[in-house]
Structures are given as C-alpha cells and as structure tokens.
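Novice: dropping the sequence and predicted coords here.
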Amino acid sequence: MKIFIDSADMNEIRKANAMGLLDGVTTNPSLAAKAGRKDFEQLLKEICREVNGPVSAEVVSTDTPGMLAEAEKLVKIHSNIVIKIPLTEEGLNAVKTLSGKGIKTNVTLCFSPTQALLAAKAGATYISPFVGRLDDIAQDGMSLVSEIITIYRNYGYKTQVLVASVRSPMHVVKAALMGADVVTIPFSVIPQLVSHPLTDKGLARFLEDWKKLQGK
Ligand code: G3P
C-alpha cells in the first residue's frame, strides 16, 4: 500500500520524507490555509522538489471550463502533479476531458459507492473516499472503502482507491487489510503508526542489560 502525506506544511512533508515512508503528497485548499501558504504554485514546486511521487493539487473553480483552465496551469508546474477535482457533475466532465488528455486526476470528496463508480467511468486515476468525515456522522467510512474496492474489482476499473480523511491508525490497518491502493495520512498519525509500548519497554531493558554487562 502506498502512503501519501496529507499536508501543505513543508516541515511536516520533509520530516515524513526523511523517514522514508512517503510515496506522494495530497493537498487541499484547507490544508494550504492551515499552513498559511497563499503562494500555492510556489508550495507545489517545493513539494515536488522534495518528494518524488504524485502530488495532488486541487482546483478551486466549480465549473468545468474553470477547472480545466486551472488544471492546464497546474500540470505545467511539474510532471508529478495530479489534478484534484471535486466529485460533482462539473467535476466529472472535467475528469473525462483530462483523462482523455492523459492528465492524472484525483477525484475528491467521495462519500458514496455510486460517486466512486462514476469517477472510475470518467477515467479518474484516484478516487478519494473521505472516511473520517463519514465516521463523524455515524456512518462507517471504511465500509465505503470496502464497497468501492469490490465494485472496482468486479469490473476491472483501474482507478486507484486513495483512502482520505484518515484520523487514526485503525483507518490505516483496515485500508491495508482491504487492499486499498493508497492511504493519505495527516502528519499526526505517523507517530501513532510507529510507536508501540512494548518496543519502548524492550529497548529500555536491552540498554539496561548492556550497561550491567559493561559493569556500569
Ligand atoms: O484528504 C482529505 C483530508 O484533508 C480531509 O481530512 O480530517 O479534514 O476530514 P479531514
């Protein structure tokens, strides 16, 4: 399973990349705002210099011509840019056109299996089900992921399932068990994936025994 970081904060992106776990990056307007990055193009250039993998950049137009115009500009920034498009009718039109031109797309804000099916039919490269936001309204976000994987397998769609709005290590474990293609995780989840109390306890004991052996 590929791991992307869901962040527009260069410090976070650099730290995650240094750990050797990054296959790509996803951004969105909220993350850019959180990181205080108005200079979106410059930010994308910095990310593409740092990470050698797909970098999702979201359009902010809501009409197809506007989305396509933004996409044309964004793809010129770097060959790793993937155009992030919201799952609306206008968005699906844009995905259809972009996929016809060989431009990669990440269809975002997916909350239902029918939306995912239509995104695949339009030729999306990635579909992004938002699992945390479904959990927030007492629906099981990971069930949606499971349904999408089944539907895509049933018909051989090549669209990759990118699990987004991840909030906890359990989302990552379930995604991996289900065979999702990608998870995009906020920086805060990384330490939760790494640390285990028995690792810390075991290491402390190893070091203690080593000291004893040295007569310290
Ligand atoms: O990848 C989508 C993500 O940025 C949304 O996450 O936590 O705002 O639902 P969240």
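Specialist: Sure thing, it's come through.
Novice: what does this protein have sitting close to the ligand?
Specialist: Within the chain, the positions near the ligand by Cβ under 6 Å from any ligand atom are 6, 26, 28, 31, 130, 132-133, 164-165, 184. The C-beta positions use only the backbone N, C-alpha and C, and glycine is treated the same way.
Novice: keep only those of those residues that are in helices.
Specialist: The members of the residues of the chain next to the ligand that map onto helices under DSSP state H are 31, 132-133.
Novice: just the buried members of the residues of the chain next to the ligand?
Specialist: 6, 26, 28, 31, 130, 164-165, 184 (16 or more other Cβ atoms under 10 Å).
Novice: in a markdown table, list the residues you listed along with pLDDT.
Specialist: Shown next, in a markdown table, are those (pLDDT from 0 to 100):
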| residue | pLDDT |
| --- | --- |
| Asp6 | 98 |
| Thr26 | 98 |
| Asn28 | 92 |
| Leu31 | 94 |
| Phe130 | 98 |
| Ala164 | 98 |
| Ser165 | 98 |
| Thr184 | 98 |
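Novice: now the helices for this structure?
Specialist: Under the criterion DSSP H, the chain carries helices at the ranges 10-18, 29-34, 40-50, 64-75, 89-100, 113-122, 131-136, 141-155, 169-178, 189-194, 197-213.
Novice: quick one, which of those helices gets closest to Val107.
Specialist: helix 113-122 (4.1 Å; Cβ to Cβ).
Novice: between helix 89-100 and that closest one, find me the angle.
Specialist: Interaxial angle, helix 113-122 versus helix 89-100 (axes from the mean of the first three to the mean of the last three Cα atoms, to 10 degrees): 30 degrees.
Novice: can you pull the buried residues of the worst-scoring helix or strand of the chain on mean pLDDT?
Specialist: When the helices and strands of the chain are scored by mean pLDDT, DSSP states H and E, helix 29-34 comes last with a mean of 94. Counting neighbours by 16+ other Cβ under 10 Å, one finds that the buried residues in helix 29-34 are 31-32.
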